[in-house]
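Peer 1: what follows is a predicted structure for the sequence shown.
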Amino acid sequence: MSAALDLSGLMSDPDFAQTFTRKPRTMALANEGLATTTMGTSVSLLGVIEPAKQADLLILPEGTRLVDLVAISTAGDVQIGGQASTADLLVVDGVTYKALHVEDFRDLAGYIRVLAQRIPT
């Protein structure tokens, strides 16, 4: 049996973590068949935010634009989309990012790691 290292405490340590906002989005089809996006309730989360490393880029699909990426480690919940939703928007220091990839380490270490790309304004 291997021992798991719980790193979730670092996600709230003011020496490492900072506050960011998660803006969930849902998708619906109108009568005309057009998709509409609705913003959910914004949630404030704590996490460790750093520039994405070269190894992080290998996880993303080929052809993904590989500029303005950040890696966010948080104990909170972030979604990259599904059948009824689209990727969450993450606002860090007034800059908006779109979640591209989530690695779930909650069972082993108590956090998730999100790769997010800056959305041009």
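Peer 2: On my side now, so go ahead. Numbers count the residues shown, from 1 in each chain.
Peer 1: pLDDT score assigned to the closest residue in space to K53 that isn't next to it in sequence?
Peer 2: Using Cβ to Cβ, 6 or more residues apart in numbering and skipping residues adjacent in sequence, the residue nearest K53 is A71, 7.0 Å away. For every residue, glycine as well, the C-beta is placed using N, CA and C. On pLDDT, A71 comes in at 95.
Peer 1: what strands flank the one helix or strand E103 maps to, and is each parallel or antiparallel?
Peer 2: Assigned by DSSP states H and E, E103 belongs to strand 95-104. Partners of strand 95-104 in the sheet, by DSSP bridges, are strand 85-92 (antiparallel), strand 112-118 (antiparallel).
Peer 1: CSV for the ones you listed, including mean pLDDT, distance to F20 and mean neighbour count?
Peer 2: Shown next, in CSV, are the strands paired with strand 95-104 (pLDDT from 0 to 100; distance: least, Cβ to Cβ, whole Å; neighbours: other Cβ atoms under 10 Å):
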stretch, mean pLDDT, distance to F20, mean neighbour count
strand 85-92, 91, 5, 20
strand 112-118, 93, 10, 21
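Peer 1: JSON lines for the ones you listed, including distance to L60?
Peer 2: Compiled in JSON lines, the strands paired with strand 95-104 are given as follows (distance: least, Cβ to Cβ, whole Å):
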{"stretch": "strand 85-92", "distance to L60": "13"}
{"stretch": "strand 112-118", "distance to L60": "7"}
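Peer 1: how many residues are close by G81?
Peer 2: By other Cβ atoms under 10 Å, the residues close to G81 number 15.
Peer 1: against T19, how distant is it?
Peer 2: 24 Å (Cβ to Cβ, to the nearest Å).
Peer 1: give the contact list for the nearest residue in space to D104 that is not next to it in sequence.
Peer 2: Of all residues not flanking D104 in the chain, I112 sits nearest, at 5.2 Å (Cβ to Cβ, 6+ apart). Counting by Cβ atoms under 8 Å, 6 or more residues apart in numbering, I112 touches S73, T74, A75, G76, D77, V78, V102, E103, D104, F105, R106.
Peer 1: can you show me the helices along this protein?
Peer 2: 54-57, 106-109 (DSSP state H).
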